[in-house]
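Participant: got a sequence here, can you build the structure:
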Amino acid sequence: MRFNPKARLDTGQVSDTGRGGGGLGGGGMRLPIPGGAAAGGGIGGIIVLVLFVVLVSCVGGGLPGGTSGSASGLDPSQVQDAGGDTGRYDHCKTGEDANNDPDCARVAVVNSVQDYWSDALPAMTGVAYQEAETHTFTEATSTGCGQASSQVGPFYCPQDDTVYEDTGFFDEVLEKQLGGPDGGFVEAYVLGHEYGHHIQDLTGTMGQVRSQQGANSDAVRLELQADCYAGMWARNATGTEDATGQVLISELTDEDIRLAIEAAEAVGDDRIQRKTSGRVNPESWTHGSAEQRQKWFMIGYRSGDYRACDTFSVTVL
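Facilitator: As a prediction, the model looks like this:
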């Protein structure tokens, strides 16, 4: 993935609270799960059950979802943090910065995802897009859905329309613990998934969730739909623009898509269960199998069709 050096980044969509932030305490976001993960709407596996719980109680997490709203176009200010901004993204000005700095690349991706949905959502559904911020943190942070620790993984909180991410998740959990891929587009896929939960929040899809576990549950359908929405954005990423009309992402390669697919596989419920307990139990799934997650990302990527992502209307996922 390459960013247009001339593109201007909007850091108003992103912020960082740094280390600490209150730990995992009272907001009901903690949930014991295999492997020691906590809760909060993460993006897969260990974080799976956790995520869904948060999703239902007030999140739309990396794996599960939530219900609320925000609005915007391209803007690094879409990455913010609850509890005092550290200024982590202040130096991110252009697409050239994004090509050379992973923090700035994060801002550019958030800008791109929000620019895409600001046009696509009203065109496809008649629902106005509302901006959602992205807050990064280290170890723990306070959110509208309660306290969250790094064990939760990336998640979306509908109570404050915010995507939360401990940036150490990709190296420490996804790569080292789950054996997932390492690469720039891996995080982009995860952010696309989390913003997919924001879309579900805005359209009321989160309100359709009744069954919380099981291979054919509403929780799994919600997660797979978020993967599909991530695929829709990826298909259109090179057409997204900054506030001045400059293209944000100049190149997206087959290798980028391969990394996204491998990341989706790594956070499949079956893949995580094998690694954490040595056995697979579909009755406890909350995010879908590795095969399902790959499949639905590719449905969104190949079709670019919002209707094709309706996981709630199909019999077999």
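Participant: tell me where the stretch 201-317 of the chain has strands.
Facilitator: In the stretch 201-317 of the chain, the segments counted as strands under DSSP state E, counting those that start in this stretch are 249-251.
Participant: could I get the full set of helices for it?
Facilitator: Remark: helices assigned in the stretch 201-317 of the chain by DSSP state H, counting those that start in this stretch are 218-236, 254-266, 269-276, 290-303.
Participant: out of the ones you listed, which is the most enclosed?
Facilitator: helix 218-236 (a mean of 28; mean count of other Cβ atoms under 10 Å). The C-beta positions use only the backbone N, C-alpha and C, and glycine is treated the same way.
Participant: next, the angle helix 290-303 makes with it.
Facilitator: Here the directions of helix 218-236 and helix 290-303 differ by 40 degrees (axes from the mean of the first three to the mean of the last three Cα atoms, to 10 degrees).
Participant: which helices and strands sit right next to helix 218-236?
Facilitator: helix 45-57, helix 102-125, helix 184-203, helix 254-266, helix 290-303 (3 or more Cβ pairs under 8 Å, 6 or more residues apart in numbering; DSSP states H and E).
Participant: shaky segments in the chain?
Facilitator: 20-83 (pLDDT under 70).
Participant: the spatially most central residue of it and Trp233, how far apart?
Facilitator: Taking Cα atoms, centre = their mean, the centroid of the chain lies closest to Glu194, which sits 2.3 Å from it. The gap separating Glu194 from Trp233 is 11 Å, by Cβ to Cβ, to the nearest Å.
Participant: can you check which residues contact both of these two?
Facilitator: In terms of Cβ atoms under 8 Å, 6 or more residues apart in numbering, Glu194 and Trp233 are not both contacted by any residue.
Participant: if we can go back for a sec, from Gln200, how far out is the residue nearest to the centre of the chain?
Facilitator: According to Cβ to Cβ, Glu194 and Gln200 sit 11 Å apart.
Participant: Met1 too?
Facilitator: Using Cβ to Cβ, Met1 is found at 25 Å from Gln200.
Participant: more neighbours: the two, which one.
Facilitator: Neighbours were counted for Met1 and for Gln200 using other Cβ atoms under 10 Å; Gln200 has more, 27 against 24.
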